[in-house]
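Undergrad: Following is a predicted model, sequence given first.
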Amino acid sequence: MKIVGTQLVRMLVLVLLAAFGSAVLVRFSPGALVDERELDPRLSASTLAAMRAQREAENSLGNGFFRYLWSALHGDLGKSQANNAPIAGLLKSNAAATLKRVGAGLAGAWLFGLALAIPVAAFRRAWVLDTATALFAGFLLSLPAGVLALLCLTFGAPVEIVLLLVLTPRIFRYSRNVLAQAYGAPCIDMARARGIGEWRILSAYVFTGAAPQLFALLATSLSLAIGSIIPIEAICDAAGLGRLAWQAATARDLPLLLNLTMLIALATTAAMTFAELIARRPMEAAQ
């Protein structure tokens, strides 16, 4: 329980630091206190002054930031300046598409990653297969997520394909090492000597022995997927939290950016915490 409490406090601190850092960057960015509505020649001087005062109050680092935290604790996430709509509704309408893409991309990446890793780990002497898969994974790793997103946007591929291409080589490399270590256990040779089939060995021995490491890799890949989907959606101009974050950044919409930053930071730190807790279990059991 002490470890869980420490991790929860760490999550809270990281989320607050991420939100405050985002607020500082937006507040001191060029044009942070400028509203495009000020270009309307029909507005009077008093109206312009009121708009500037309101925007300065909403974007202030002192009262504005702590006022937002107090309101968020009471369920009020505020109102988007750029969209002129409640932030809770914007997050709800865009989060579903992002979560769907993360789920599909993560599932596909694990499917292809394990499909490549299992034969390489099971047949360690097949150096041709090992070399070919390593070159393929290395090629994908050398391509930034932005380049993959631009390529998929050019050819009309769905956003899930981009996330799959980003995650698959990383899942393959780590799962191959974990499964190769599990296949190297003495019990595997004994099971083969007794005539047990490869599928039975994989399910009963390999996956069972490598389960803690694979669960930790799953949590890590989830954190990576959350961090990758935001710029991918923004580049591909796909409806979701990524495009919403890009629109909020270009409009200097501090209330919306704060909510998005805290939401993404919370999801990322939660996945990282889950991975660390799982990784601790084998070490604690060994002690």
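TA: Arrived safely, thanks for sending. Numbers count the residues shown, from 1 in each chain.
Undergrad: Endpoint to endpoint, stretch 231-251 covers what distance?
TA: Counting by CA to CA, to the nearest Å, you get 17 Å between the two ends of stretch 231-251.
Undergrad: brain fart, stretch 196-214
TA: For stretch 196-214, the end-to-end distance is 23 Å (CA to CA).
Undergrad: For that stretch, which outside residues touch it?
TA: Contact partners of stretch 196-214, identified using CB atoms under 8 Å, 6 or more residues apart in numbering, comprise 118, 121-122, 175, 178-179, 181-183, 185, 187-188, 191-192, 278-279, 281-282. In this view, the C-beta of every residue, glycine as well, is placed from N, C-alpha and C.
Undergrad: Can you flag which of those belong to strands?
TA: Judged by DSSP state E, strands contain none of the contacts of stretch 196-214.
Undergrad: Which of those residues are buried? Put it as a ChimeraX command.
TA: Burial among those is assessed by 16 or more other CB atoms under 10 Å; the matching ChimeraX selection reads:
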select :118,121,122,175,178,179,182,183,188,191,278,279
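Undergrad: and the contacts of stretch 196-214, which of them are in helices?
TA: Among the contacts of stretch 196-214, the ones falling in helices (DSSP state H) are 118, 121-122, 175, 178-179, 181-183, 187-188, 191-192, 278-279, 281-282.
Undergrad: just the helices in the stretch 151-287 of the chain please.
TA: In the stretch 151-287 of the chain, the helices defined using DSSP state H, counting those that start in this stretch lie at 159-183, 186-193, 198-201, 207-236, 241-250, 254-286.
Undergrad: Helix 241-250 and the fourth one, what's the angle between them?
TA: Going by axes from the mean of the first three to the mean of the last three CA atoms, to 10 degrees, helix 207-236 is angled at 40 degrees with respect to helix 241-250.
Undergrad: in helix 207-236, what's buried?
TA: Those would be 209-210, 212-226, 228-236, for helix 207-236 by 16+ other CB under 10 Å.
Undergrad: cool, and the fifth one?
TA: Along helix 241-250, the positions that meet the burial threshold by neighbour count (16+ other CB under 10 Å) are 241-249.
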